[in-house]
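Engineer: Got a predicted structure plus its sequence, pasted below:
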Amino acid sequence: MLEKKGVHHYKGKNIELGTECGKILRVCTMLIIVQGDTDIMRSM
């Protein structure tokens with residue numbers, strides 16, 4: 001199923017990606033299963 005998904009490269013730092021996710025930690029890999037009405041893809 002993953003082979004049909006797109007890959008997006010975040011151009012910021014991993015601590016910034018964690019902040020975008022609402023976490024106070026570094027994020028190096030993230031999987032979005034259901035995008036829903038979130039704006040996370042627009043920030044990438």
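Structural biologist: In hand now; what should we look at?

Engineer: what's the most centrally placed residue in the chain in contact with, if anything?
Structural biologist: The structure's the chain has its C-alpha centroid closest to M30; by C-alpha atoms, centre = their mean the separation is 5.1 Å. Under the criterion of C-beta atoms under 8 Å, 6 or more residues apart in numbering, the neighbours of M30 are 17, 21. Just so you know, the C-beta spots here come from the backbone N, C-alpha and C atoms, and that holds for glycine as well.

Engineer: pull the longest helix from the chain.
Structural biologist: Residue-count comparison of every helix in the chain, with assignments taken from DSSP state H, identifies helix 14-20 as the longest.

Engineer: For that helix, give me every contacting residue.
Structural biologist: Counting by C-beta under 8 Å, 6+ apart, the neighbours of helix 14-20 from elsewhere in the structure are 10, 12, 24-28, 30, 40, 43.

Engineer: Kindly recompute the last result at 6 Å.
Structural biologist: With contact meaning C-beta atoms under 6 Å, 6 or more residues apart in numbering, helix 14-20 is reached by 10, 25-28, 43.

Engineer: What about N14, how many residues nearby?
Structural biologist: N14 is flanked by 13 other residues according to other C-beta atoms under 10 Å.

Engineer: just the helices in this protein please.
Structural biologist: Secondary structure of the chain (DSSP H): helices located at 14-20, 40-43.

Engineer: distance between the longest one and the chain's centre?
Structural biologist: Just to be clear, that refers to helix 14-20. Using C-alpha atoms, centre = their mean, to the nearest Å, the distance from the centre of helix 14-20 to the centre of the chain it belongs to is 9 Å.
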